[in-house]
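Colleague: Please work out how this folds:
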Amino acid sequence: MPATSIASHRHSEKNGPPGTKHVIACVDRSKHARKIVSHASAVASALRLPMTLLQVLEAPSVEAVRLDPVEWDIRRHESRRALRRLAEARGDEVENLNAELVEGQGAEEICRWARERPAELIVMGTHGECAAGEYGIGSTALHVLERVAGAVLLVPV
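Modeller: Numbering: from 1, shown residues only. So this is what the prediction gives:
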């Protein structure tokens, strides 16, 4: 599915020229998103790197009943608004801030994103809206740890 770009109100550029390293803050719509962004912002500012807020709008699984297209569009718009608010709250703390909303399965989209754009660090919560699994982390975080080649910072939520 195509990615949807949401540039913050202050920063309309992408993450610099191709090959520029950056920090990816993986957020969802949970109450923990601000904590994850705070940690990612601190690292990005300290290293003087651009930061991308990345949110995956989870597509329904093949087995699930298909969502109504109007309902899906509403979810997409609500997610964009929430992501924009997160970006605006941190826009002054990071030199170059970009916010991206992609659609698909969480871990797969995060790993794809990290493969296509060089990341110095991926910052994500130990779990999101769902409870932590048997290892104390959620399934998305576990899959990203298993598959991504770069550094991952797990923020306890």
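Colleague: contacts, neighbours, all on C-alpha from now
Modeller: Fine.
Colleague: Tell me the buried residues in the top helix by length along the chain?
Modeller: For the chain, the helix with the greatest residue count under DSSP state H is helix 69-90. Across helix 69-90, burial judged by 16 or more other CA atoms under 10 Å covers Arg76, Ser79, Arg80, Leu83, Arg84, Leu86, Ala87, Glu88, Arg90.
Colleague: can you list the weak-confidence ranges in this protein?
Modeller: Applying pLDDT under 70 to the chain flags residues 1-19, 61-65, 90-95, 128-135.
Colleague: Swap in 50 and give it another go.
Modeller: For the chain, the stretches flagged by pLDDT under 50 are 1-17.
Colleague: any chance you could map the helices in it?
Modeller: Ranges of helices in the chain, per DSSP H, are 33-47, 69-90, 106-116, 139-147.
Colleague: Between those helices, which one is closest to His127.
Modeller: helix 139-147 (6.6 Å; CA to CA).
Colleague: Next, the angle helix 106-116 makes with that closest one.
Modeller: Helix 139-147 runs at 40 degrees relative to helix 106-116, counting by axes from the mean of the first three to the mean of the last three CA atoms, to 10 degrees.
Colleague: Let the chain start at 37 from now.
Modeller: Done: numbering now begins at 37, and the last item shifts to helix 175-183.
Colleague: got the contact list for stretch 88-97?
Modeller: Stretch 88-97 is contacted by residues 51, 58-64, 73, 102-103, 112, 115, 119, 123, 133-142, 145-146 when judged by CA atoms under 8 Å, 6 or more residues apart in numbering.
Colleague: Could I have the PyMOL command that selects the buried members from those residues?
Modeller: Buried residues among the contacts of stretch 88-97 (16+ other CA under 10 Å), as a PyMOL selection:
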select buried, resi 51+58+59+60+61+62+63+64+73+112+115+119+123+133+134+135+136+137+138+139+140+142+145+146
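Colleague: Enumerate every residue touching Glu107.
Modeller: Contacts of Glu107 (CA under 8 Å, 6+ apart): none.
Colleague: let's see it at 10 Å
Modeller: By CA atoms under 10 Å, 6 or more residues apart in numbering, Glu107 lies in contact with His113.
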